[in-house]
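**Student:** Here is my input, please return the structure:
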Amino acid sequence: MTKRTQLALATALVAALALGASGCSNPKKASSGGGSANPAAANDGKVLGGTPVKGGTLTVLSNQDFAHLDPARNWVMPTMDFGTRLLYRTLVTFKAEPGKAGSELVPDLATDLGTPSNDGRTWTFTLKLGLKYEDGTPIKAQDIKYNVERSFAPDLTGGPDYAAQYLAGTEGYKGPLQGQHLDSVKTPDDRTIVFELKRPVAEFSATATLPTFAPVPQSQEKGTQYDARPFSSGPYKIESYDRDKKLVLVRNEHWDPGTDTVRKAYPDKFVVVMGLKGGQIDDRIIAGEGADASTVQYADMRPESAPKVLPKPEVKARLLAESQGCTEMLHLNNSRAPFNDPKVREAVQYAVDKEAVVTAGGGPALNEVATAYLPPALTGGKQADTLKIAPSGDPAKAKELLKAAGKDTLKVSLAVSTGDKGKAEAVQQGLARAGIEVVVDTVDPGAYYDVIGDLSTTPDMTLTGWCPDYPSGSTWIPFVFDGRTIKEKGNQGNYSQFRDEAVQKRIDEINAMSDAKQASQAWIDLDAEIMKKSPSVPILLERKPLLIGPNIAGAFGHPVWTGTIDYATVGLKDPAKGQG
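**Tutor:** Prediction:
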């Protein structure tokens with residue numbers, strides 16, 4: 001059989017399982033527990049493997065290196081989970097619990113969730129006593145200020161933009177590497193940090209969970225090389241890091257669990273093995289033999305592995321597949337032809353066969369069709385359907401729109417991460433029905449966001465998702481569709497390069513709303529307006545399928561970090577079996 005045939009058979013089986021488990025014809029109606037209509041949802045909200053025992057080595061098998069471990073540059077969900085749970089702490093963090101409880105904010109480096117004043121334009125945090133780095137030196141408020149400032153440095157690309165969006169007096173600021181500092185971040189003493197904002201931000205406590213608000217002492221500054229050796233304020237420190245091959249973390253003996261209610265630090269060591277093939281990782285963890293019994297996977301289980309997992313209760317019991325809470329989109333480069341023409345963009349909305357992309361992504365057990373930009377978590381549990389396009393698309397309508405735009409045929413480029421090649425081919429075939437030829441370019445996952453985030457190398461189309469950093473539309477639409485966020489290098493979120501003055505004006509109006517319920521509905525309404533302008537095509541709502549070895553305990557998919565395993569609490573059942 002060809003690889004395409006194998007994939008088709010695999011996903012057909014997944015679809016059959018999803019539909020046949022209880023005779024239900026709607027696989028979207030999945031609930032937690034073994035009786036779910038969707039077999040992939042059987043472990044929703046559960047902690048697998050019981051409570052870990054302290055000690056041993058936990059191995060993470062990965063097909064990629066981390067995009068960035070520097071906390072000023074870390075803005076990819078699984079990497080944020082890994083970095084903020086193991087290597088560095090932030091002012092505030094999320095509870096280490098599955099389900100809704102995991103979205104609850106708790107203090108981390110700070111003594112509380114911050115104190116607002118000046119009608120929400122000023123936020124003050126006080127650091128806990130006894131906080132130390134890996135060398136035993138104290139963590140100071142000035143170190144958090146310094147990392148916030150680093151996030152503005154032009155060379156330190158890729159990180160969250162919240163500091164630039166929220167802090168007062170940042171226009172033209174280029175970071176602290178040349179000695180300039182921000183007046184809007186004040187540190188009156190070693191334990192106090194004060195943020196002066198340009199407008200009220202009621203949810204700034206949640207913003208302070210991001211890696212931007214982790215400490216970096218100025219004495220440890222290494223510019224772009226800091227990526228290879230972040231200075232630890234968390235329970236582990238880097239012993240060795242061979243890029244694209246292996247990362248080894250060992251205990252930070254100066255981390256004090258008495259100051260940390262979230263991280264349990266069960267294993268003695270974490271070893272991340274990189275550069276493996278996705279199917280190879282799946283097969284090793286499914287077998288779960290020897291050292292592989294003590295492994296988890298970093299990247300998603302491959303779609304073609306589903307038939308090896310879902311029909312087998314003993315293997316399915318080791319599958320986490322929480323909803324990611326994100327929307328995967330086909331971003332159209334609005335900055336140049338042909339997608340600077342709204343009619344051409346609208347044609348692509350109708351041409352895409354989303355059902356085929358669902359199949360390529362693992363079938364309805366692991367994905368469902370997206371009909372809007374904002375994910376269900378931000379719209380009351382259900383997406384809007386503004387354009388009412390059939391899931392399989394409408395190529396006749398697409399051709400009609402292309403003809404109206406004077407484009408009977410088109411040839412465009414699409415860049416995807418290596419693991420998304422199957423989805424890209426499904427997009428390619430769907431658009432071909434409307435006379436749009438797509439040239440697919442696959443990029444190594446570790447370099448993907450750097451490539452598509454550089455305006456000199458980004459293609460006509462990209463396939464990537466966006467996830468809320470916390471449950472608010474303010475963490476979604478302004479980052480994906482505000483033209484003022486676009487950067488020449490390190491562009492994040494607005495991969496379509498969509499610039500629209502009316503949308504930008506409305507974003508500012510919603511951000512100024514003090515009523516959270518009113519703002520939430522306003523984001524939903526704006527989503528519908530943007531959909532009509534078609535800067536991007538919403539494609540999928542995904543689950544995060546992750547396998548764990550039989551010796552793994554304390555594993556669950558965290559609701560904030562898109563269903564990634566929470567590294568704060570994962571460990572081993574028998575540490576003696578996890579050595580290395």
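
**Student:** can you pull out the strands in the stretch 151-300 of the chain?
**Tutor:** 185-189, 192-196, 236-242, 246-251, 269-273, 295-297 (DSSP state E, counting those that start in this stretch).

**Student:** Of these, flag the one that's most buried.
**Tutor:** A comparison of these by mean neighbour count, using mean count of other CB atoms under 10 Å, puts strand 295-297 on top with a mean of 24. (C-beta placed from N, C-alpha, C; glycine too.)

**Student:** Tell me the gap between stretch 100-120 and the middle of its chain.
**Tutor:** Counting by CA atoms, centre = their mean, to the nearest Å, stretch 100-120 is centred 21 Å from the centre of its parent chain.

**Student:** ignore the last one, stretch 292-312
**Tutor:** 20 Å.

**Student:** and it, average pLDDT?
**Tutor:** Stretch 292-312 comes out with an average pLDDT of 95.

**Student:** got the buried residues for it?
**Tutor:** 292-310 (16 or more other CB atoms under 10 Å).

**Student:** Now render the strands of the stretch 151-300 of the chain as TSV, adding distance to residue 494.
**Tutor:** Below are the strands of the stretch 151-300 of the chain laid out as TSV (distance: least, CB to CB, whole Å):
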stretch	distance to residue 494
strand 185-189	25
strand 192-196	25
strand 236-242	31
strand 246-251	31
strand 269-273	30
strand 295-297	30
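
**Student:** And these: which comes nearest residue 139?
**Tutor:** strand 192-196 (11.3 Å; CB to CB).

**Student:** Walk me through which strands that closest one pairs with, and which way each runs.
**Tutor:** Using DSSP bridges, the strands paired with strand 192-196 are strand 122-126 (antiparallel), strand 185-189 (antiparallel).

**Student:** what does it rub up against?
**Tutor:** Outside strand 192-196, the residues that touch it by CB atoms under 8 Å, 6 or more residues apart in numbering are 91, 121-127, 141, 144-145, 166-169, 183-188, 204.

**Student:** at 6 Å instead, please
**Tutor:** Strand 192-196 is contacted by residues 122-126, 141, 144, 168, 184-187 when judged by CB atoms under 6 Å, 6 or more residues apart in numbering.

**Student:** Neighbour-wise, which one of the residues you listed leads?
**Tutor:** Using other CB atoms under 10 Å as the neighbour test, those are led by residue 144, with 28 neighbours.

**Student:** Remind me which helix or strand that one belongs to.
**Tutor:** helix 141-150 (DSSP states H and E).

**Student:** Next, the angle from that helix to strand 185-189.
**Tutor:** Put simply, helix 141-150 runs at 170 degrees to strand 185-189, going by axes from the mean of the first three to the mean of the last three CA atoms, to 10 degrees.

**Student:** tell me what helix 141-150 is packed against?
**Tutor:** strand 185-189, strand 192-196 (3 or more CB pairs under 6 Å, 6 or more residues apart in numbering; DSSP states H and E).

**Student:** which residues does residue 301 contact?
**Tutor:** 282, 545, 547.

**Student:** Could you export the residues you listed to a markdown table, including columns for pLDDT and distance to residue 131?
**Tutor:** Shown next, in a markdown table, are those (pLDDT from 0 to 100; distance: CB to CB, whole Å):
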| residue | pLDDT | distance to residue 131 |
| --- | --- | --- |
| 282 | 98 | 40 |
| 545 | 96 | 37 |
| 547 | 98 | 36 |
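
**Student:** Name the member of those residues with the shortest distance to residue 162.
**Tutor:** Nearest member of the contacts of residue 301 to residue 162, counting by CB to CB, is residue 545, at 29.7 Å.

**Student:** What's the separation between the nearest residue to that closest one once chain neighbours are set aside and residue 278?
**Tutor:** Distances taken as CB to CB, 6 or more residues apart in numbering put residue 301 closest to residue 545, at 4.0 Å, once the chain neighbours are dropped. Separation of residue 301 from residue 278 (CB to CB, to the nearest Å): 8 Å.

**Student:** can you check residue 202 too?
**Tutor:** Where residue 278 is concerned, residue 202 sits at a distance of 41 Å (CB to CB).

**Student:** now swap in residue 438 and tell me
**Tutor:** Counting by CB to CB, the gap from residue 438 to residue 278 is 23 Å.

**Student:** for residue 234, same thing?
**Tutor:** 28 Å.

**Student:** can you check residue 570 too?
**Tutor:** 20 Å.

**Student:** and the two? which has more neighbours close in?
**Tutor:** residue 570 (26 against 22).

**Student:** List the contacts of that one.
**Tutor:** 554-555.

**Student:** 7 Å instead, please
**Tutor:** 52, 58, 296, 552, 554-555 (CB atoms under 7 Å, 6 or more residues apart in numbering).

**Student:** Please apply the same query to residue 343.
**Tutor:** 401, 404-405.

**Student:** neighbour-wise, which of the contacts of residue 570 leads?
**Tutor:** In those, the most neighbours by other CB under 10 Å go to residue 58, 29 neighbours.

**Student:** Please report phi then psi for that residue.
**Tutor:** phi -100, psi 130 (degrees, to the nearest 10).

**Student:** per-residue pLDDT, it?
**Tutor:** pLDDT, residue 58: 98.

**Student:** so it makes contact with residue 294?
**Tutor:** Yes. With contact defined as CB atoms under 7 Å, residue 58 counts as touching residue 294 (6.0 Å).

**Student:** hmm, back to that, okay if I get the strands paired with strand 192-196 as JSON lines plus distance to residue 455?
**Tutor:** Shown next, in JSON lines, are those (distance: least, CB to CB, whole Å):
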{"stretch": "strand 122-126", "distance to residue 455": "33"}
{"stretch": "strand 185-189", "distance to residue 455": "29"}
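
**Student:** Of all those, which one comes closest to residue 369?
**Tutor:** strand 122-126 (39.8 Å).

**Student:** Name the residues that touch the closest one?
**Tutor:** Contacts for strand 122-126 (CB under 7 Å, 6+ apart): 91, 110-111, 114-116, 191-196, 204.
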